[in-house]
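**Student:** for reference, the sequence and a predicted model appear below.
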Amino acid sequence: MISVILDCVAEGMSEEEIIKEYPSLKKGDISTALQYAASLARGETIPLKAES
């Protein structure tokens, strides 16, 4: 799903447009995906949280 969010951001979609297109996403999900992608680009690894 992160790649889908990144593709949408790269296409210039706003957060609101992405959430409208993918209603299972919540407002903070896009920011979290961007932070995760940035950490990967820096060569860092971040463990993903399991959903409760």
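**Tutor:** Structure received. Numbers count the residues shown, from 1 in each chain.

**Student:** enumerate every residue touching Val9.
**Tutor:** Applying C-beta atoms under 8 Å, 6 or more residues apart in numbering, one finds that Val9 lies in contact with Ile18, Ile30, Leu34. Where you see a C-beta, it was placed from the backbone N, CA and C, and this is true even at glycine.

**Student:** out of the residues you listed, who has the most neighbours?
**Tutor:** Top of the contacts of Val9 by neighbour number is Ile30, holding 22 neighbours under the definition other C-beta atoms under 10 Å.

**Student:** not counting its neighbours along the chain, what's nearest it?
**Tutor:** Excluding the flanking residues, the one nearest Ile30 by C-beta to C-beta, 6 or more residues apart in numbering is Glu15, at 5.1 Å.

**Student:** with Ala33 instead?
**Tutor:** The spatial neighbour of Ala33 that comes closest, neighbours along the chain excluded (C-beta to C-beta, 6+ apart), is Ile5 at 4.2 Å.

**Student:** please, which helix or strand holds the residue nearest the centre of the chain?
**Tutor:** For the chain, the residue whose C-alpha lies nearest the mean C-alpha position (C-alpha atoms, centre = their mean) is Ala33; its distance is 2.6 Å. Ala33 is part of helix 27-41, with elements assigned from DSSP states H and E.

**Student:** before we move on, back to that, measure the residue nearest to the centre of the chain to Gly12 for me?
**Tutor:** From Ala33 over to Gly12 the distance is 16 Å, taken as C-beta to C-beta, to the nearest Å.

**Student:** check Leu40 too.
**Tutor:** The span separating Leu40 from Gly12 equals 22 Å under the rule C-beta to C-beta.

**Student:** could you check which of those two is surrounded by more residues?
**Tutor:** Here Leu40 and Gly12 are set side by side on neighbour count (other C-beta under 10 Å), and the busier one is Leu40, at 12 against 7.

**Student:** what average pLDDT does the host helix or strand of Ser3 get?
**Tutor:** Mapping Ser3 onto the secondary structure by DSSP H and E places it in helix 2-10. When the per-residue pLDDT values of helix 2-10 are averaged, the result is 94.
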